[in-house]
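Chemist: quick one: sequence plus predicted model below, questions after.
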Amino acid sequence: MQRWLAMICSVVVAAPVMASDTAWDKYGADIPAGAVVPLAQALAQPAAYEGQARVFSGRVVDVCQKKGCWVMLEDDGHGARVLLGDHDFYVPKDVRGDAQVHGVLSRVTLSPAARDHTAEETSAGAAVAEVEYRIVADGVQVRVDEPDA
């Protein structure tokens, strides 16, 4: 009886973990196991994180509306544009939710033409800053928001 009770308890305790592992929609390469850096932490000290492949976390709040070739990742008021490799893979244009991305962070100065081009691809046609942080990613996983009922 105690064995059955122990088995049932372990299944009940493990169920949320198993569910969270399967809740990710994955695009590109698998996200490697290991430390995950919140985007706000990385952008608070960008020099410590630039140029190194890392797993960053945040929330997907916008997606390229032309092809789904980039996403905007935000965390605690900080944002970075995540480029999906060299157009190696794409995400659905309506995807939103908590995300992890594996890639390399850099600071980029955009020309006026590049800013205009990027603004045309945003879902709201929002203005694009002259300087932005970017992550060139080889993998993205998103916990997709459920539509409101």
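Modeler: Arrived safely. Note that the structure is a prediction, hence the values are computed from the model and not measured.
Chemist: the bottom helix or strand of this protein by mean pLDDT?
Modeler: helix 2-22 (a mean of 46; mean pLDDT, DSSP states H and E).
Chemist: other SSEs contacting the next helix or strand after that helix?
Modeler: Downstream of helix 2-22, the next assigned helix or strand under DSSP states H and E is strand 24-28. Other elements packing on strand 24-28 under the criterion 3 or more C-beta pairs under 8 Å, 6 or more residues apart in numbering; DSSP states H and E are strand 131-144. To be clear about C-beta, it is placed using only N, CA and C from the backbone, and glycine gets the same treatment.
Chemist: the inter-axis angle of the strand it packs on versus strand 24-28?
Modeler: 130 degrees (axes from the mean of the first three to the mean of the last three C-alpha atoms, to 10 degrees).
Chemist: mean confidence for strand 131-144?
Modeler: The average of the pLDDT scores along strand 131-144 is 95.
Chemist: now do it: which elements does it pack against?
Modeler: Under the contact definition 3+ C-beta pairs under 8 Å, 6+ apart, strand 131-144 sits against strand 24-28, strand 78-84, strand 97-109.
Chemist: direction included, what does the second one pair up with?
Modeler: In this case it means strand 78-84. Applying DSSP bridges to the sheet, strand 78-84 is found paired with strand 70-75 (antiparallel), strand 131-144 (parallel).
Chemist: okay, the ones you listed in TSV with distance to residue 27 and mean neighbour count next?
Modeler: Below are those laid out as TSV (distance: least, C-beta to C-beta, whole Å; neighbours: other C-beta atoms under 10 Å):
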stretch	distance to residue 27	mean neighbour count
strand 70-75	9	22
strand 131-144	5	20
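Chemist: roughly how far does residue 33 sit from residue 92?
Modeler: Taking C-beta to C-beta, to the nearest Å as the measure, residue 33 falls 25 Å from residue 92.
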